[in-house]
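K.L.:
Make a model of this:
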Amino acid sequence: MTDKLLDGKVILVTGASRGIGKEVALEAARHGAELIITGRTTGALEEVDDEIAAAGGNAVIVELDQTDLEAIPRLAAAIGSRWGRLDGLVANAGQLGQLSPMAHSDPEIWDRTLLVNLTSIFHMVQAFDGLLRASPAGRAVLVSSGAAVGARPYWGAYAVSKAGLESMGRAWAAESEQTNMKINMMDPGGTRTAMRAAAFPGEDPQTLPSAADVARCFIPLLADDCPYHGDVLRARDMMSS
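P.N.:
As a prediction, the model looks like this:
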């Protein structure tokens with residue numbers, strides 16, 4: 001029987017229609033959380049909702065494109081009206097963008113990648129900070145990548161956006177030291193997802209952990225006894241410990 005580490009908690013997971021976001025939502029539901037799941041396609045979210053219900057959980061579906069910045073404070077207002085708080089935010093939605101030399105990157109793709117992966121998360125910080133502070137134990141997990149570290153030729157806007165995300169997360173955590181919040185970043189590492197396959201088309205996906213394996217690493221970061229704050233956690237390290 002699964003320990004209900006998130007029993008009664010209201011958890012928002014973005015990009016929950018597939019991959020890691022979907023599996024985090026399912027795992028959180030198994031631990032007793034009430035989910036708010038977002039994505040660009042209602043039909044895909046409805047399928048995830050069915051799986052959450054089958055796992056004994058409950059979810060609210062919100063069709064949300066991360067580029068629609070005006071929709072983010074509207075979502076925060078709706079959450080505040082219904083629950084008065086937000087116990088957990090998993091900022092998972094993102095896009096790979098264009099893998100090419102920096103000098104040959106399409107400016108429109110660059111701008112959109114930064115908008116989805118970084119700027120929209122800033123708007124979520126502004127919109128959800130108060131709701132997380134209203135929780136007895138507000139938790140935020142920003143999904144990063146190994147591309148945030150070191151020199152990543154040809155990874156362009158994706159690497160830049162994830163490096164910026166980690167810097168923003170550390171700053172937000174430092175600003176929240178005197179609160180009950182815990183803010184961390186998760187580097188899932190190589191994971192058996194569609195995005196990974198697009199980035200590494202010649203890779204054997206069976207050599208990688210599944211999204212469900214990685215999703216289990218998120219639960220300790222959303223729980224009341226989370227020991228981390230302002231850290232970048234790596235799923236591979238957590239799975240091997």
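
K.L.:
how close does the residue lying closest to L115 once chain neighbours are set aside get to T119?
P.N.:
Excluding its sequence neighbours, the residue lying closest to L115 (CB to CB, 6 or more residues apart in numbering) is T67, at 5.5 Å. The way it works is simple: take the backbone N, C-alpha and C, and place the C-beta from them, glycine included. Using CB to CB, to the nearest Å, one gets 9 Å for the distance from T67 to T119.

K.L.:
between the two, who's got more neighbours?
P.N.:
Ranked by neighbour count (other CB atoms under 10 Å), T67 and T119 place T119 first, with 18 against 14.

K.L.:
Let me see the contact set for the more buried one.
P.N.:
Neighbouring residues of T119 by CB atoms under 8 Å, 6 or more residues apart in numbering: L69.

K.L.:
Could you look up the SS state of it?
P.N.:
helix (DSSP: H, G, I helix; E, B strand; the rest coil).

K.L.:
gap between it and S161?
P.N.:
Using CB to CB, one gets 9 Å for the distance from T119 to S161.

K.L.:
which residue is nearest the middle of this protein?
P.N.:
Centroid-nearest residue in the chain, with CA atoms, centre = their mean: N92, separated by 2.3 Å.

K.L.:
in stretch 120-140, what's buried?
P.N.:
By 16 or more other CB atoms under 10 Å, the buried positions in stretch 120-140 come out as 120-121, 123-125, 127-129, 131-132, 135, 137-140.

K.L.:
Which one of the residues you listed is nearest to H31?
P.N.:
R139 (12.5 Å; CB to CB).

K.L.:
Select the longest helix from this structure.
P.N.:
Across the chain, the longest stretch assigned as helix under DSSP state H is helix 156-175.

K.L.:
what number of residues lie near the residue nearest to V160 when sequence neighbours are not counted?
P.N.:
Spatial nearest neighbour of V160, chain neighbours left out: L114 (7.0 Å); criterion: CB to CB, 6+ apart. L114 is flanked by 18 other residues according to other CB under 10 Å.

K.L.:
go on, I52?
P.N.:
Neighbours around I52, by other CB under 10 Å: 24.

K.L.:
Where does pLDDT dip in the protein?
P.N.:
1-2 (pLDDT under 70).

K.L.:
90 - rerun?
P.N.:
Where the chain drops to pLDDT under 90, the residues are 1-3, 55-56, 152, 189-211, 236-237, 240-241.

K.L.:
Do a quick rundown of the helices in the protein.
P.N.:
Counting by DSSP H, the helices of the chain are 19-30, 42-54, 71-82, 107-114, 120-133, 156-175, 194-199, 211-215, 219-222, 235-240.

K.L.:
Using PDB, list the CA coordinates for the shortest one.
P.N.:
Written as PDB, here are the backbone C-alpha positions of helix 219-222 (Å, rounded to 0.1, in the frame of the first residue of the first chain):
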ATOM      1  CA  ILE A 219       7.400  13.000  -4.300                       C
ATOM      2  CA  PRO A 220      10.000  13.700  -1.500                       C
ATOM      3  CA  LEU A 221      10.400  17.300  -2.900                       C
ATOM      4  CA  LEU A 222       6.600  17.800  -2.500                       C
END
